[in-house]
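Trainee: what would the 3D arrangement of this be:
(one chain, ligands or ions: 1)
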Amino acid sequence: MMPEARSVLVTGGAGFIGSHVADAFLAAGKRVVILDDLSTGLASRLSGRARFVEGDIREFDIAGLLRAENVDTIVHHAAQIDVRKSVEDPVFDAEVNVLGTIRIAKAALEVGVTQIVFASSGGAIYGDPEGFAADESHATNPVSPYGVAKLAGEKYLFGLAHGTPLLVTALRYANVYGPRQDGRGEAGVVGIWMKKLLAGEECLINGDGTQSRDFVFVGDVVRANLAAVSRRVGGVVNIGNGVETNVNRLYELVAAACGTPRPAVRGPAKPGEQKRSVLDVTKSRAVLGLTGLVALPDGLSRTAAWFREESSRA
Ligand SMILES: NC(=O)c1ccc[n+]([C@@H]2O[C@H](COP(=O)([O-])OP(=O)(O)OC[C@H]3O[C@@H](n4cnc5c(N)ncnc54)[C@H](O)[C@@H]3O)[C@@H](O)[C@H]2O)c1
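Mentor: All right, here's what the predicted structure looks like:
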């Protein structure tokens, strides 16, 4: 029988960010359904209070699931997230990130879902920023198939929802780090370095380390998702810290969070790597009330504490 209470569907809810988002909706008293194929997600991240359905967004009967679970909101985090893999196999990347997203939108329109929140990427869509920080009106110049697919996903969602009551929110995340992360995401280097430093191993910095990124704590990304739904905010919104941090400085902070003075070793620069990335987050403050963000040293020490606990469990 269909549940009476409306549900939130979190696709990719066994992943790093999606599992935190699912937990936060549960804590806010929502009924949560998770659709995830566990390709990179982990069953151990699933809350026992969420209803979990194992399935692939490329082929699953999404409309059937939305009806059966009485879903009114979809928070779409399922994706192929590996930028390098998107270069090696752009067809697969587009099948998951473009076609999968279109399937979600079509099912949502068929069933009458009221809002889709899409996990997009400010880090991958803007390319090297032309001014200081990229705001939502900055030109889009994705340099990887992953970035192209995220932008296409946004465009399809807004295009398909146009003229319908479906509200679409594209949250363009900066480089997200925090507990439960692994080495693959856009801030994967934090996870890779923390694991190595806590195991007493050496870390590598590619190139001169002056390449910069905007690092945002996963808890703040979660707050953005909840606010987008509770305030019914549509459109494109950057979610970042608005602070540019270069890789050399990031390493110092990660090493401090891990309590080690160990210096990094230097390797060759990665060809084609984006030089700079920082988001203008004025809009997220205004429309989502996203203020008081976690500062990088604090977020990194919370993340290091989680990695320490993890390694003591293993
Ligand atoms: N991590 C970042 O820094 C970052 C930055 C910008 C945007 N994003 C976006 O946020 C979302 C979550 O990223 P994450 O870092 O938590 O990655 P993740 O790999 O941990 O999470 C993705 C989840 O989607 C699931 N999945 C993958 N393909 C699927 C499919 N075909 N059908 C069903 N489920 C599938 C995976 O099993 C995994 O649980 C993604 O859409 C990603 O593009 C992440």
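Trainee: what about the residue in the stretch 51-200 of the chain positioned nearest to the ligand, how many residues close to it?
Mentor: Of all residues in the stretch 51-200 of the chain, Gly185 sits closest to the ligand, at 2.8 Å by C-beta to the nearest ligand atom. Just so you know, the C-beta spots here come from the backbone N, C-alpha and C atoms, and that holds for glycine as well. For Gly185, the neighbour count with other C-beta atoms under 10 Å is 23.
Trainee: for Lys270, same thing?
Mentor: Neighbours of Lys270 under the rule other C-beta under 10 Å: 11.
Trainee: could you list the low-pLDDT ranges of the chain?
Mentor: The model of the chain has pLDDT under 70 over residues 186.
Trainee: list, one by one, the residues from it near the ligand.
Mentor: 12, 14-18, 36-41, 56-58, 77-81, 96, 100, 119, 121, 123, 173, 175-176, 185-187 (C-beta under 6 Å from any ligand atom).
Trainee: out of those residues, which end up buried?
Mentor: With burial judged by 16 or more other C-beta atoms under 10 Å, the buried subset of the residues of the chain next to the ligand is 12, 14-18, 36-37, 40-41, 57, 77-81, 96, 100, 119, 121, 123, 173, 175-176, 185-187.
Trainee: tell me the SS of the closest residue in space to Asn141 that isn't next to it in sequence?
Mentor: Closest residue to Asn141 apart from its sequence neighbours, by C-beta to C-beta, 6 or more residues apart in numbering: Gly127 at 3.3 Å. Assigned state for Gly127: coil (three-state reduction, DSSP: H, G, I helix; E, B strand; the rest coil).
Trainee: which residues touch Gly127?
Mentor: Residues in contact with Gly127, defined by C-beta atoms under 8 Å, 6 or more residues apart in numbering, are 139-143, 147, 274.
Trainee: outline the domain layout of the chain.
Mentor: As assigned by automatic domain parsing, the chain contains the domains 7-176+217-239, 179-213+243-274+294-313.
Trainee: quick one: which of these is nearest Val287?
Mentor: domain 7-176+217-239 (5.0 Å; C-beta to C-beta).
Trainee: quick one: end-to-end distance for the closest one.
Mentor: Chord length of domain 7-176+217-239, first to last residue, is 24 Å (C-alpha to C-alpha, to the nearest Å).
Trainee: and the strands in the chain, which stretches?
Mentor: Ranges of strands within the chain are 7-11, 31-36, 51-54, 71-76, 115-121, 167-173, 175-177, 204-206, 212-213, 215-217, 235-239, 245-246, 265-267, based on DSSP state E.
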